[in-house]
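Colleague: here are the coordinates; sequence isn't available:
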């Protein structure tokens, strides 16, 4: 009898020990979107062991530590069970490492929140029983300027590869971007929206255009890939750039559709990256150097009066540009207004070089925006920057020579300033035949 009591006592003690151990961890009931298990925010992460699942934060190959981001220990790694939806979290330590034990299965790995000023791809990281260690790459958000409200004045120009962020306040809002790669290659732009929320779908609209003209109809609408059952599908746009096209702008718009109007305002993060070399496409543009002798005219000899665009000359109807009204004077090599009846040369013709025109609100010398490196197969960068731009008058003008006329014509045609009523010059009220488009930047001094 005493022996049996002793056995019962030992069994009771073991049962009590098991019960108290089980009461030490609280697991909320699963269901809906899955439960979340968080460690004590005030405690340390469990020590990493062979059974631990770990996440390491990286930034350009180095650990994202407290020395880089002092609040790294306020961020949690999150493991979401792909079968049950149950979520488990653990805080990062000062070395940018989070670990958790007791997991079993396949998990999507994300962060519970983004560090201020950084982003990452929340859709690509997985952990399993045979691959428990995950390294999440963070990207610093690249600052930009402009609102992106239109494709000309407020367009956001992306100058370097990296991560970018745009804030949208409604599904009706669209943000304009311009990317101008500095070298040939294969490039991509990919959004980083978390697909698990499934509330917002980012969409990229690609446009054909230039610094001065944009076709109003999108060339392509990129709605991304992903599961057909998923509402959120990240876009990915790939494009190539040959050596001959370097300097050309690529234009796109980011918009969203939604199934939750309360989700706004929202941030859409995306990565602009160079994925490799590209050697095909157009041949390099032929470099054009000025041949004009700039000593033949001095800016101080500018006629008196006010610079007036050719479209507003007396007697002109409908702002018509008409090159038959001007003629090249062989004696000095400059264009003048010419009277066919009397055979006399009148007002000297000038072109805006280092100041904006009435149609294009950026000068030819603005290398950030103006595409003069590839105009009808010609590179006019030296032509402008090492030639005409150095000899303009106080209004940023120089008298029109034959080679300057050809440059202006190449610019007007390649940038489609006149395009069946949709060109930027036409929208600005100008009219022209095919041979007179160059005069959009020209004028005379009216006394």
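Modeller: Cool, got the structure. All values derive from a computational prediction rather than experimental measurement.
Colleague: doesn't residue 137 belong to a helix?
Modeller: No: looking at residue 137 with DSSP: H, G, I helix; E, B strand; the rest coil, it is strand, so not inside a helix.
Colleague: tell me where the protein has helices.
Modeller: Ranges of helices in the chain, per DSSP state H, are 2-22, 381-385, 402-414, 424-427.
Colleague: kindly check the end-to-end length of stretch 391-398 for me.
Modeller: Its start and end residues considered, stretch 391-398 measures 7 Å (C-alpha to C-alpha, to the nearest Å).
Colleague: switch to numbering from 98
Modeller: Yes, from this point I'll number from 98; that puts the last item at stretch 488-495.
Colleague: hang on, isn't residue 402 packed against residue 543?
Modeller: Yes: Residue 402 is within contact range of residue 543, at 5.0 Å (criterion: C-beta atoms under 8 Å). C-beta here means a position set from N, CA and C on the backbone, and glycine is covered the same way.
Colleague: more neighbours, the two?
Modeller: residue 543 (14 against 11; other C-beta atoms under 10 Å).
Colleague: that one is in contact with residue 403, isn't it?
Modeller: Yes: using C-beta under 8 Å, residue 543 is in contact with residue 403, at 5.6 Å.
Colleague: could you list the low-pLDDT ranges of the stretch 248-397 of the chain?
Modeller: 321-326, 341, 376-381 (pLDDT under 70).
Colleague: how much space between residue 430 and residue 371?
Modeller: 45 Å (C-beta to C-beta, to the nearest Å).
Colleague: before we move on, what about residue 488?
Modeller: Using C-beta to C-beta, residue 488 is found at 38 Å from residue 371.
Colleague: give me the residue ranges of the stretch 398-544 of the chain where confidence is low.
Modeller: Using pLDDT under 70, the flagged stretches of the stretch 398-544 of the chain are 464-467.
Colleague: so the closest residue to residue 216 other than its chain neighbours bridges to which residues?
Modeller: Among residues not flanking residue 216 along the chain, residue 366 sits closest, at 4.1 Å (C-beta to C-beta, 6 or more residues apart in numbering). Residue 366 has these beta-bridge partners by DSSP bridges: residue 262.
Colleague: neighbours of residue 366, just the number please.
Modeller: 22.
Colleague: what of residue 246?
Modeller: Neighbours of residue 246 under the rule other C-beta under 10 Å: 14.
Colleague: what's near enough to touch the residue nearest to it when sequence neighbours are not counted?
Modeller: Leaving aside its sequence neighbours, residue 246 sits nearest to residue 273 (C-beta to C-beta, 6+ apart; 7.2 Å). The contact partners of residue 273, by C-beta atoms under 8 Å, 6 or more residues apart in numbering, come to 245, 246, 247, 248, 251, 252, 253, 348, 349, 350.
Colleague: mind checking pLDDT for the second one?
Modeller: Same thing as residue 246. Looking at residue 246, its pLDDT stands at 94.
Colleague: could you check how far the residue lying closest to residue 294 once chain neighbours are set aside is from residue 220?
Modeller: Among residues not flanking residue 294 along the chain, residue 329 sits closest, at 6.9 Å (C-beta to C-beta, 6+ apart). From residue 329 over to residue 220 the distance is 9 Å, taken as C-beta to C-beta.
Colleague: joint contacts of these two?
Modeller: With C-beta under 8 Å, 6+ apart as the test, residue 329 and residue 220 both reach 291, 292.
Colleague: who has more neighbours out of the two?
Modeller: Taking neighbours as other C-beta under 10 Å, residue 329 and residue 220 compare with residue 329 leading, 23 against 16.
Colleague: against residue 258, how distant is the more buried one?
Modeller: For residue 329, the distance to residue 258 (C-beta to C-beta) stands at 24 Å.
Colleague: next, count neighbours for residue 194.
Modeller: Counted by other C-beta under 10 Å, the residues lying close to residue 194 total 21.
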